[in-house]
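> Sharing a sequence plus its predicted fold:
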Amino acid sequence: MQQSCGSHRGMELSTEMSMAPPANCRKRKCPPPGLRDIHEDMLERVLARLPPASFFRLRAVCREWRAAAASPTFLDACARVPSRDPWFLMLSERPRPVVAFDAGERSWNPCRSAPGSMPVAASGGLVLYRAPATGELSVSNPLTGAFRALPTPPQGQGVPQLHAIAMYGSPYRVALFTGEVPDLSMSVFDSSKDSWEAPVALARRSEASASSTDAPAQGGGGVDDSTVYFLSKSGDVVATNMQRSASKQYSSVAIPSERGAGEAVAYFLGHSGTVVACDTATRTFAELPRILPVHFEYSIDVVACNGAAYAIVLSEYLDTASLRLWQFADGAWRQVAAMPPAMSHGFYGKKADINCVGHGDRVMVCVSSGDVNGCFMCDVGSDRWEELPKCINSDGEVNEFLAAFSFEPRVEINV
């Protein structure tokens, strides 16, 4: 019996010893499973799904994450993300650090820009810049800072006046519209060929004449591009010649053309305040009817949303101000959205100017004057409006913005 008990006791001691933790774990606690244990491919897929603003922060976490953020497989994982909420690159009158509004996170984030240049157009995840002094064009990814200068565009006869610049497609194209209505010309840069096409003259579309005959019914003015002067309600002398904001002097919007793959219809404002539509596929243009009478003081801009072009008009009538979105269809303008009167009434008597930009189903409206400044967002489908939160800079001051350009924040896009 004693021998049996001794054997039983020995088995107990052996069991206790086998269940005891290793000696090295008594001195150092074993860490639980974490991100370090995730396979590298899976980690890159997780990081690619983070909000784009996290791209700047994840590189500072550790060396492994910094290396992952620069790896080709991580960029491939980012490219597989179908879409991202837009960022709006903000323009200010004062030279300040460049910021963008993240529509998804509803936050203000730092951005990168081409030095010494002004943004003039955007497409996908890229922004087109133009140097005011030289006219040199360059393309940049404002999220990563990748940058390249475009070749010098060809010159037609003489030195035609630059009217508008459009950027569209993937691979991206850049179209320069020069001259004055009705003598417009176009030059196109194709990034897939890294070259410019020779300038071509644009012909007026046959349906433009039908539109111009409808123009008096829409308020007069026709397609006459001459300047008319009249007295406003306040007694000021007002010219019908459109005074475009310096920050969006050459801006236009582009929607896909139904007449050619990779082509677009570019919309921009003529000097008389009419909306001009240029089809890059057919090399034609048309002037759309006026929304308001020629003897009417208002601010207007054009945007593109969900493959359609809209005109946005800020006007005053019956001692109040209204801001409305219009779409041109079947030869006439129809209203599709309007800012609530309680919100737009604050612009009455302020002589405010609007600069607008669209992306997806969103439209951002920047309202600026000496007395009022604010940025507003509209969901076109639901006609829901909201004022954006103020952007406070490092000095504790509120940034005042004049205009914006929209882009899709993609770290994987090259210039």
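Happy to help now that I have it. Residues are numbered from 1 along each chain as shown.

> Would you quantify the distance from Trp385 to Leu58?
In this view, Trp385 and Leu58 are 34 Å apart by CB to CB, to the nearest Å. From N, CA and C alone the C-beta is placed, and that goes for glycine too.

> out of the two, which sits in the more crowded spot?
Per other CB atoms under 10 Å, whichever of Trp385 and Leu58 has more neighbours is Trp385, with 18 against 15.

> how would you label the more buried one: helix, strand or coil?
Here Trp385 is recorded as strand under DSSP: H, G, I helix; E, B strand; the rest coil.

> thought it was touching Met339?
Yes: using CB atoms under 8 Å, Trp385 is in contact with Met339, at 5.3 Å.

> Give me the common contacts of these two.
Phe376, Cys378 (CB atoms under 8 Å, 6 or more residues apart in numbering).

> The stretch 51-200 of the chain: helices as residue ranges?
54-58, 63-69, 72-79 (DSSP state H, counting those that start in this stretch).

> what distance separates the longest one from the centre of its chain?
Mean C-alpha position of helix 72-79 versus that of the full chain (CA atoms, centre = their mean, to the nearest Å) differs by 23 Å.

> Residues in contact with it: which ones?
Glu40, Asp41, Glu44, Arg45, Leu47, Ala48, Ala68, Arg410, Val411, Glu412.

> Give the buried residues for stretch 315-326.
Across stretch 315-326, burial judged by 16 or more other CB atoms under 10 Å covers Ser315, Glu316, Ala321, Ser322, Leu323, Arg324, Leu325, Trp326.

> Same list (those) but as TSV, adding distance to Leu176, secondary structure and pLDDT.
Below are the buried residues of stretch 315-326 laid out as TSV (distance: CB to CB, whole Å; DSSP: H, G, I helix; E, B strand; the rest coil; pLDDT from 0 to 100):
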residue	distance to Leu176	secondary structure	pLDDT
Ser315	31	strand	93
Glu316	35	strand	91
Ala321	35	strand	94
Ser322	35	strand	95
Leu323	31	strand	96
Arg324	31	strand	96
Leu325	28	strand	96
Trp326	27	strand	95
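
> just the residues you listed now: which is nearest His163?
Trp326 (22.1 Å; CB to CB).

> The closest one and Ala338 touch, don't they?
No: applying CB under 8 Å as the test, Trp326 and Ala338 come out as separate, 9.8 Å apart.

> List the contacts of the spatially closest residue to Gly374 that is not a sequence neighbour.
Computed as CB to CB, 6 or more residues apart in numbering, the closest residue to Gly374 that is not its neighbour in sequence is Val367, at 5.3 Å. If you count contacts by CB under 8 Å, 6+ apart, Val367 has them with Leu314, Phe347, Ala352, Asp353, Ile354, Asn373, Gly374, Cys375, Phe376.

> partner residues bridging Val367?
Ile354, Gly374 (DSSP bridges).

> before we move on, the earlier item: need the winner for burial among the helices of the stretch 51-200 of the chain.
Greatest average neighbour count among the helices of the stretch 51-200 of the chain goes to helix 72-79 (a mean of 16), per mean count of other CB atoms under 10 Å.

> From Leu323, how far out is Trp385?
9 Å.

> tell me, what's touching those two both at once?
Met339.

> How far away from the center of its chain is stretch 171-187?
In terms of CA atoms, centre = their mean, the gap separating the centre of stretch 171-187 from the centre of its chain is 21 Å.

> burial of Asp353, as a residue count?
By the measure other CB under 10 Å, the count of residues near Asp353 is 18.

> Touching, it and Asp371? I think so.
No: the criterion here is CB under 8 Å, and Asp353 misses it with Asp371 at 11.9 Å.

> so how many other residues sit close to Val120?
For Val120, the tally of surrounding residues (other CB under 10 Å) stands at 23.

> quick one, helices of the stretch 251-400 of the chain?
Secondary structure of the stretch 251-400 of the chain (DSSP H, counting those that start in this stretch): helices at 341-344.
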